[in-house]
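[1] Give me coordinates for this.
(chains A and B)
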Number of protein chains: 2
Amino acid sequence: MDDNYPHLAEQELESIQVFGGKLLDVRRDRVRLPDGRECLREYIRHQGAVVVIAELDEQRLLFVRQYRYPLRRSFLELPAGKIDPGEDILATARRELIEETGYHAAEWRHLGVMHPCVGYSDERIEIYLAHGLHRETDPTPDSNEFLDVLSLSLHEAVAAVQAGTITDAKTIAALFWAERVIQANW
Amino acid sequence: MDDNYPHLAEQELESIQVFGGKLLDVRRDRVRLPDGRECLREYIRHQGAVVVIAELDEQRLLFVRQYRYPLRRSFLELPAGKIDPGEDILATARRELIEETGYHAAEWRHLGVMHPCVGYSDERIEIYLAHGLHRETDPTPDSNEFLDVLSLSLHEAVAAVQAGTITDAKTIAALFWAERVIQANW
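    Predicted structure coming up:
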């Protein structure tokens, strides 16, 4: 029991991988419910990810536009990416920012963590704020990733959420954080 | 091509279900990348969901605490749930609010949509604001769902995000919306 609500907790009885792909590790576990009955839980095991609030001058933030095949359209998102096995999470944040945007950041601050999909994935996304940016190289995304890099002011980004132009939940949740910490002391 | 960035778009060549469970429909598609190469994309097909910002008096919002087996701990979340096949999304919102909290709402407003997991799921979450609440029954969650119902002020909820007590991304993203519309005109 890893939290203080044992009347809600479910206990693993058996865990089976039902699909192991290049990206997805899909599990189906047999669990004991709080009332003693058994139930099956299906979910994805994920290695975790980072999202980066990268602040240029004058509260402009770096964004990427990327086609997201599951939804068959492109999304406007903050730079983000998966943690490689064994990789330090700050190293992931630095690597993804460089790869996706070509920018290096002098100062980094860890803001918190979010869980994008608690119903069927164990993914966590570590939230970083990056400051003191300078463009170092051209973006070098993975060979199967195609991105546009752009910048929006914090104000424009908030307006884009309200206009429905930004709907990616990790980006909205990170902007919730950005509104609280940008302009704060470093 | 369903958006204006054809230089980013990927084209489906073949779609295969690699796992069909009680909850998860896992696909592996062969796709054409923008540069003409082929690639495999693995993802979840999801029927969509709703999340409800249910405002009691004095800016207090209804929350549920629920054990999320993939992460082996409980989460503090806004009421939410999956859209049944063919179900009207407002009907889903009304049903989930009653089932999870026992509350009925007189007024409903659709605020927008978010996508929790664009990298490997097509899930969308429709965001509703509910007003004019009264408690109608005891909560009647699904037989394999165990919940605590509680309320937090908007201020307390925002503080809980900053303290790391709320990390569910759909809840944080919905609070981003709530901050903008609560106290606004109905």
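[2] following the helix or strand where A:Leu133 lies, which helix or strand comes up?
    For A:Leu133, the host element (DSSP states H and E) is strand A:125-135. Using DSSP H and E, the helix or strand that follows strand A:125-135 in sequence is strand A:147-153.
[3] list the buried ones in the strand holding A:Leu133?
    A:Ile125, A:Glu126, A:Ile127, A:Tyr128, A:Leu129, A:Ala130, A:Leu133 (16 or more other CB atoms under 10 Å in any protein chain shown). Backbone N, C-alpha and C define where each C-beta goes, glycine included.
[4] From those residues, pick the one nearest chain B.
    Chain B has its nearest neighbour among the buried residues of strand A:125-135 in A:Ile125, at 7.3 Å by CB to the nearest CB.
[5] My guess is that closest one contacts A:His115. True?
    Yes: between A:Ile125 and A:His115 there is a contact at 7.4 Å, judged by CB atoms under 8 Å.
[6] who touches both of these two?
    B:Ala169 (CB atoms under 8 Å, 6 or more residues apart in numbering or on different chains).
[7] can you pull the contacts of the closest residue to A:Glu145 other than its chain neighbours?
    Counting by CB to CB, 6 or more residues apart in numbering or on different chains, A:Gln66 is the residue found nearest to A:Glu145 once chain neighbours are left out, at 7.1 Å. Counting by CB under 8 Å, 6+ apart, A:Gln66 touches A:Ser74, A:Phe75, A:Glu77, A:Glu145, A:Phe146, A:Leu147, A:Asp148, B:Leu8.
[8] How far away from the center of its chain is stretch A:161-172?
    14 Å (CA atoms, centre = their mean, to the nearest Å).
[9] What are the contacting residues of it?
    Contacts of stretch A:161-172 (CB under 8 Å, 6+ apart): A:51, A:75-78, A:80, A:114, A:116, A:125, A:157, A:160, A:175, B:112-118, B:124-125, B:169-170, B:172-173, B:176-177, B:180.
[10] residues touching A:Tyr120, list them.
    A:Glu42, A:Tyr43, A:Ile44, B:Leu23, B:Leu24, B:Ile44, B:Pro70, B:Ser121.
[11] change it to 10 Å
    A:26-27, A:41-44, B:21, B:23-24, B:44, B:46, B:68-70, B:117, B:121, B:123 (CB atoms under 10 Å, 6 or more residues apart in numbering or on different chains).
[12] Let me know the pLDDT of it.
    For A:Tyr120, the model assigns a pLDDT of 98.
[13] Chain A: helices as residue ranges?
    A:89-101, A:154-162, A:169-181 (DSSP state H).
[14] Is it possible to get a markdown table of those helices that adds mean neighbour count and mean pLDDT?
    What follows is those, written out as a markdown table (neighbours: other CB atoms under 10 Å in any protein chain shown; pLDDT from 0 to 100):
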| stretch | mean neighbour count | mean pLDDT |
| --- | --- | --- |
| helix A:89-101 | 20 | 97 |
| helix A:154-162 | 17 | 96 |
| helix A:169-181 | 24 | 96 |
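[15] so where is chain A shaky, pLDDT-wise?
    Scanning chain A with the threshold set as pLDDT under 70 gives A:1-3, A:183-186.
[16] hmm, what's the outermost residue in it?
    Ranked by distance from the centre of chain A (CA atoms, centre = their mean), the top residue is A:Gly36, with 34.9 Å.
[17] related to what we said a few turns ago, quick check: PyMOL command selecting the buried ones in the contacts of A:Tyr120.
    Written as a PyMOL command, the selection of buried residues from these, which uses 16+ other CB under 10 Å, is:
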select buried, (chain A and resi 26+27+41+42+43+44) or (chain B and resi 21+24+44+46+68+69+70+117+121+123)
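[18] Filter the contacts of A:Tyr120 down to the ones in strands?
    A:Val26, A:Arg27, A:Arg41, A:Glu42, A:Tyr43, A:Ile44, B:Ile44, B:Arg68 (DSSP state E).
[19] Closest to the centroid, which residue in chain A?
    Closest-to-mean residue, chain A, CA atoms, centre = their mean: A:Ile125 / 4.1 Å.
[20] Which residues lie in contact with that residue in this structure?
    With the criterion set at CB under 10 Å, 6+ apart, A:Ile125 makes contact with A:46, A:48-51, A:80, A:82-83, A:112-117, A:169-170, A:173-174, B:167, B:169.
[21] how is chain A carved up into domains?
    Per automatic domain parsing, the structural domains of chain A span A:11-45, A:49-181.
[22] Tell me the gap between the longest one and the middle of its chain.
    Put plainly, it is domain A:49-181. For domain A:49-181, the distance to the chain centre is 7 Å (CA atoms, centre = their mean).
[23] Ends of that domain, what's the gap?
    21 Å (CA to CA, to the nearest Å).
[24] Turn the buried residues of strand A:125-135 into a markdown table, including distance to B:Thr92.
    Converted to a markdown table, the buried residues of strand A:125-135 look like this (distance: CB to CB, whole Å):
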| residue | distance to B:Thr92 |
| --- | --- |
| A:Ile125 | 26 |
| A:Glu126 | 32 |
| A:Ile127 | 30 |
| A:Tyr128 | 35 |
| A:Leu129 | 36 |
| A:Ala130 | 38 |
| A:Leu133 | 42 |
